[in-house]
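**Q** Generate coordinates for the sequence data below:
(chains A and B)
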There are 2 protein chains.
Amino acid sequence: MPRTVDVGELVERARAGQPRAVARLISLVEDASPQLREVAAALAPFTGRAVVIGLTGSPGVGKSTTTSALVAAFRRQGRRVGVLAVDPSSPFSGGALLGDRVRMQDHATDSGVFIRSMATRGHLGGLAWATPQALRVLDAAGFDVVLVETVGVGQSEVEVVSLADSTVVLLAPGMGDGIQAAKAGILEVGDVFVVNKADRDGADATVRDLKHMISLGRRERTGPSWRPAVVRTVASAGQGVDELVAALDEHHRWLVAHGELERRRVARASSEIEAVAVARLRAELGDVHQGGALGQLAKQVTSGEIDPYRAADELVAGLRAGH
Amino acid sequence: MPRTVDVGELVERARAGQPRAVARLISLVEDASPQLREVAAALAPFTGRAVVIGLTGSPGVGKSTTTSALVAAFRRQGRRVGVLAVDPSSPFSGGALLGDRVRMQDHATDSGVFIRSMATRGHLGGLAWATPQALRVLDAAGFDVVLVETVGVGQSEVEVVSLADSTVVLLAPGMGDGIQAAKAGILEVGDVFVVNKADRDGADATVRDLKHMISLGRRERTGPSWRPAVVRTVASAGQGVDELVAALDEHHRWLVAHGELERRRVARASSEIEAVAVARLRAELGDVHQGGALGQLAKQVTSGEIDPYRAADELVAGLRAGH
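**A** The predicted model follows:
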């Protein structure tokens, strides 16, 4: 049987800046431990303070280098920074080039920085569950900024982007990213765009295409209008990183001034509550399943006797009837 | 208001081989039209006959070329073939090289072939919903074989693979696919492996690595034991395609002989019923939302007053109470 921990003490130690306590809390929430609810209740009063920044972009645009440069910039301002790396190709997740790993080491001994790879956590599809939980831990533990790094394709990543107060979309010259971004709907979620590797050929064209697409997209937007910033960086050399931080700060001020920060955070909480509720209902359907009801219905569907919708009616009716 | 169609007549026309009736039925089910349930009920008695083959692999291994070659081979046997292309990079989805498009044209005037791109259907994440529905239409319409082509990464693709009676995993020499496949857990789902572009350097090494990994994987398997076949193809030249068809037929006979076909199809129906039931419960939570309950709870979570688990408790309680 897993050891029962003193949750109150653990939260206190995490808030005092002990990285092992933070790591332990994240493990407790993301593994859906029996103490999960106790932990969630203990964290709640301390949440809502962290600024959450999502970083997304295709592999190869320099997401992890940019993340690392941002961490350094925020640290220079004295802000404590948490990083949740949801991208399996990220060096934070251990699957990267040596140079990147070395850059990460810069932060390894800094107690104002906490890095967690979410890439190998749980099953496929579990990220959308585990990431908001880990975010709540870092928020409650007093990190001023939390960076959530995702690869920017697929549904779970889109869900993770929706966690952020501000979303940074990274592109690089000559990768056809503009088209990819438009396809994936990533343009719509970007608050700040970064053209990284801006010293390379084609950077001007990428910036121009991007601005053009942004101006087209703006026509369709409703609600208070933020004009997405476009920043050029050479993250590996630290160039443009201060401008990126400035753009993020400006966006944050805009969010506050227009009531958008509250709106986004309420929307995030709604999604989270709904996900927990759906997970619970799904588990209860599983209990009905244990009773053999689903198996029997599935056989009737397989034989063509009934269709899946009628079968679902009966399954839901069984759920309501009790269990 | 959308036009109400005579569902019985539409099913009859689809079963008589009219492609427009098939397309219309797919649109009705995948858009969750008001007539969805009527369509599902009308299709049910005619389902369960099609052989469903999943094809998956990384971009560039030649999935669409192989799919096209398989379509031609099945047509030579007089079997009617449906194709559901879930891969956004597939030429079936319109995003491909000219040469591939021309190959697809070979089937364009053949009424024994029906091709549907699922890639742009609905929202992100909607594929896992829409694809089984489209599959039921093709099955009921009398297609003997349905090929489901996916890109083989991400959760929705994994779910789509689970639709298939037999799953073909494609690799190509020198693409590091072996490692990628192992990471993605794709090795475990493959019933037949294809090393395409087998005329290229490194094909022998890829076949050897693959057989080695399969033999390692088999030790951990339980249940009736199928030894995954490994077939070499040069799909663009039609080489090895008859061997691939033979391997698929052999796997199908094995599935029937060991009761695995029934087991897989019941499992598929279970997933489908569960997905419909969860979607319904989620919609009902949305109705509670309309009533303002979720919004109110989300504000309390945002302010740290309660945690998401307690909020979910209250939401589910509201659902049970029948709002």
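**Q** Name the spans of chain A whose pLDDT lies under the cut-off.
**A** A:1-3, A:87-109, A:119-128, A:151-161, A:175-187, A:217-224, A:287-291, A:321-323 (pLDDT under 70).
**Q** Select the longest helix from it.
**A** Counting residues, the longest helix in chain A under DSSP state H turns out to be helix A:260-290.
**Q** Can you list the helices and strands that that helix packs against?
**A** helix A:127-140, helix A:241-257, helix A:293-302, helix A:308-320, helix B:260-290, helix B:293-302, helix B:308-320 (3 or more CB pairs under 8 Å, 6 or more residues apart in numbering or on different chains; DSSP states H and E). Just so you know, the C-beta spots here come from the backbone N, C-alpha and C atoms, and that holds for glycine as well.
**Q** wait, does the second one contact chain B?
**A** What that stands for is helix A:241-257. No - figure legend: helix A:241-257 not in contact with chain B (CB under 8 Å from any CB of the partner chain); closest approach 13.7 Å.
**Q** Just the CA trace of that helix, in PDB.
**A** This file holds the C-alpha atoms of helix A:241-257, laid out as PDB (Å, rounded to 0.1, in the frame of the first residue of the first chain):
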ATOM      1  CA  VAL A 241      14.600  37.700 -25.600                       C
ATOM      2  CA  ASP A 242      14.100  41.000 -23.600                       C
ATOM      3  CA  GLU A 243      11.700  42.200 -26.400                       C
ATOM      4  CA  LEU A 244       9.800  38.900 -26.000                       C
ATOM      5  CA  VAL A 245       9.500  39.400 -22.200                       C
ATOM      6  CA  ALA A 246       8.300  43.000 -22.800                       C
ATOM      7  CA  ALA A 247       5.700  41.800 -25.300                       C
ATOM      8  CA  LEU A 248       4.500  39.200 -22.800                       C
ATOM      9  CA  ASP A 249       4.300  41.800 -20.000                       C
ATOM     10  CA  GLU A 250       2.400  44.100 -22.300                       C
ATOM     11  CA  HIS A 251       0.000  41.300 -23.200                       C
ATOM     12  CA  HIS A 252      -0.500  40.600 -19.500                       C
ATOM     13  CA  ARG A 253      -1.300  44.200 -18.800                       C
ATOM     14  CA  TRP A 254      -3.800  44.200 -21.600                       C
ATOM     15  CA  LEU A 255      -5.500  41.000 -20.300                       C
ATOM     16  CA  VAL A 256      -5.900  42.600 -16.900                       C
ATOM     17  CA  ALA A 257      -7.100  45.900 -18.300                       C
END
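**Q** what's in contact with it?
**A** Helix A:241-257 is contacted from outside by A:51, A:53, A:66, A:69-70, A:72-74, A:77, A:165-166, A:168, A:191-192, A:194, A:226, A:229, A:231-233, A:235, A:260-261, A:264, using CB atoms under 8 Å, 6 or more residues apart in numbering or on different chains.
**Q** So for the helix or strand containing residue A:21, what gets flagged as buried?
**A** Residue A:21 is located in helix A:19-30, with elements delineated by DSSP states H and E. Neighbour counts over helix A:19-30 (16 or more other CB atoms under 10 Å in any protein chain shown) mark A:21-22, A:24-26, A:28-30 as buried.
**Q** Verify the stated contact: residue A:86 with residue A:149.
**A** Yes - look at residue A:86 against residue A:149 with CB atoms under 8 Å: they come within range, at 6.3 Å.
**Q** rewinding a little: tell me the most buried of the helices and strands packed on helix A:260-290?
**A** helix A:127-140 (a mean of 24; mean count of other CB atoms under 10 Å in any protein chain shown).
**Q** Show me the strands paired with the following helix or strand past that one, marking each as parallel or antiparallel.
**A** Downstream of helix A:127-140, the first helix or strand assigned by DSSP H and E is strand A:145-150. Paired neighbours of strand A:145-150 in the sheet (DSSP bridges): strand A:51-56 (parallel), strand A:81-85 (parallel).
**Q** what's in contact with strand A:145-150?
**A** Residues contacting strand A:145-150 (CB under 8 Å, 6+ apart): A:50-56, A:63-64, A:67, A:70-71, A:74, A:79-87, A:90, A:92, A:131, A:135, A:138-139, A:157, A:160-161, A:163-164.
**Q** got the angle for it vs helix A:241-257?
**A** 100 degrees (axes from the mean of the first three to the mean of the last three CA atoms, to 10 degrees).
**Q** Output strand A:145-150 as CSV, nothing but the C-alphas.
**A** What follows is strand A:145-150, C-alpha atoms only, in CSV (Å, rounded to 0.1, in the frame of the first residue of the first chain):
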residue,chain,number,x,y,z
VAL,A,145,5.6,32.4,-13.9
VAL,A,146,4.9,28.9,-15.3
LEU,A,147,5.9,28.1,-18.9
VAL,A,148,4.1,25.3,-20.6
GLU,A,149,6.0,24.0,-23.6
THR,A,150,4.1,21.9,-26.2
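**Q** what angle do it and helix A:127-140 make?
**A** Between strand A:145-150 and helix A:127-140, the angle comes out at 170 degrees (the same axes, to 10 degrees).
**Q** wait, residue A:273 sits on residue B:296?
**A** No - in this structure, residue A:273 is not within contact of residue B:296 by CB under 8 Å, at 10.6 Å.
**Q** how much space between the nearest residue in space to residue A:277 that is not next to it in sequence and residue A:315?
**A** Excluding its sequence neighbours, the residue lying closest to residue A:277 (CB to CB, 6 or more residues apart in numbering or on different chains) is residue B:312, at 4.1 Å. Distance, residue B:312 to residue A:315, by CB to CB, to the nearest Å: 20 Å.
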